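J.: With the sequence up front, the predicted model follows.
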Amino acid sequence: MQSTIEQHLAAQVQWDVIISSPLQRCQKFAAALAKQLELPLLLNAEIKEMYFGDWEGIATQTIYETEPELLANFWQFPTRYQAPNGESLNQFQQRVMHGFDDIYMQMQQHHWNRALVVTHGGVIKLLTCLARHHKLDDLLTMPAELGKLYSLNLTQIENKIHFSEKIAT
């Protein structure tokens with residue numbers, strides 16, 4: 001991720017703020033980068049990864065060996081199936097969208113135009129799915145490569161947050 005950021009900085013990409021999930025794997029990187037770039041850092045608990053309940057912290061292979069049918073159903077139809085005691089895709093989407101409502105409001109209040117949002121694969125997949133106007137069952141087919149920078153536009157239309165993929169210029 002650091003090399004990806006360095007490439008964007010070399011291309012004169014400038015952010016006004018860094019916003020991060022409070023989970024350590026994101027926050028640690030975001031805090032170091034905010035210090036290096038002398039940017040404000042905001043933490044937003046709503047952009048944490050999806051909560052997988054009983055599957056949290058368990059390798060996919062182990063889940064496949066113990067609950068193959070449920071895992072297969074979840075991968076194929078994430079809107080209809082969820083991890084036992086985990087967050088549903090609908091709950092996850094509502095939480096993330098609430099988080100981005102807050103982000104949008106903060107950006108408006110501070111007159112910020114560009115934010116670097118440091119978050120997790122599930123959040124990136126959700127935002128990409130929404131930006132591409134795909135059905136939510138396509139969520140798990142969306143890209144979310146580790147350490148890659150994804151660029152999205154965040155707009156508000158009729159009090160509702162919308163995402164679109166940023167077109168390279």
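T.: Happy to help now that I have it. Residues are numbered from 1 along each chain as shown.
J.: State the pLDDT value of the residue most central in space within the chain.
T.: Nearest to the mean C-alpha position of the chain, counting by Cα atoms, centre = their mean, stands residue 123 at 2.7 Å. In the predicted model, residue 123 carries a pLDDT score of 97.
J.: what's the distance between residue 35 and residue 16?
T.: Applying Cβ to Cβ, to the nearest Å, the value for residue 35 to residue 16 is 16 Å. For every residue, glycine as well, the C-beta is placed using N, CA and C.
J.: Please identify which of those two sits among more neighbours.
T.: Neighbours were counted for residue 35 and for residue 16 using other Cβ atoms under 10 Å; residue 16 has more, 14 against 11.
J.: Please name the residues that touch the more buried one.
T.: Residues near residue 16 by Cβ atoms under 8 Å, 6 or more residues apart in numbering: 39, 107, 110, 112-115.
J.: List the buried residues in the helix ranked longest in the chain.
T.: Looking across the chain with DSSP state H, the single longest helix is helix 89-110. By neighbour count on 16 or more other Cβ atoms under 10 Å, the buried set for helix 89-110 is 89, 92-93, 95-97, 99-100, 102-103, 106-107.
J.: any idea of the mean pLDDT in that helix?
T.: 96.
J.: Please compute how far that helix lies from its chain's middle.
T.: The chain centre lies 11 Å from the centre of helix 89-110; the measure is Cα atoms, centre = their mean, to the nearest Å.
J.: Domain-wise, how is the chain divided?
T.: For the chain, the structural domains run 2-50+96-165, 52-86, going by automatic domain parsing.
J.: Highest mean neighbour count out of these?
T.: Mean neighbour count, computed with mean count of other Cβ atoms under 10 Å, is highest for domain 2-50+96-165 among the domains of the chain, reaching a mean of 15.
J.: Let me see the mean pLDDT of stretch 52-62.
T.: Here stretch 52-62 scores 96 as its mean pLDDT.
J.: which residues touch that stretch?
T.: The contact list for stretch 52-62 (Cβ under 8 Å, 6+ apart) reads 63, 71, 82-87.
J.: Take these and keep only those in helices.
T.: Checking the contacts of stretch 52-62 against DSSP H, those in helices are 63, 71.
J.: okay if I get the contacts of stretch 52-62 as TSV plus distance to residue 155?
T.: Shown next, in TSV, are the contacts of stretch 52-62 (distance: Cβ to Cβ, whole Å):
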residue	distance to residue 155
63	37
71	36
82	30
83	32
84	37
85	35
86	31
87	26
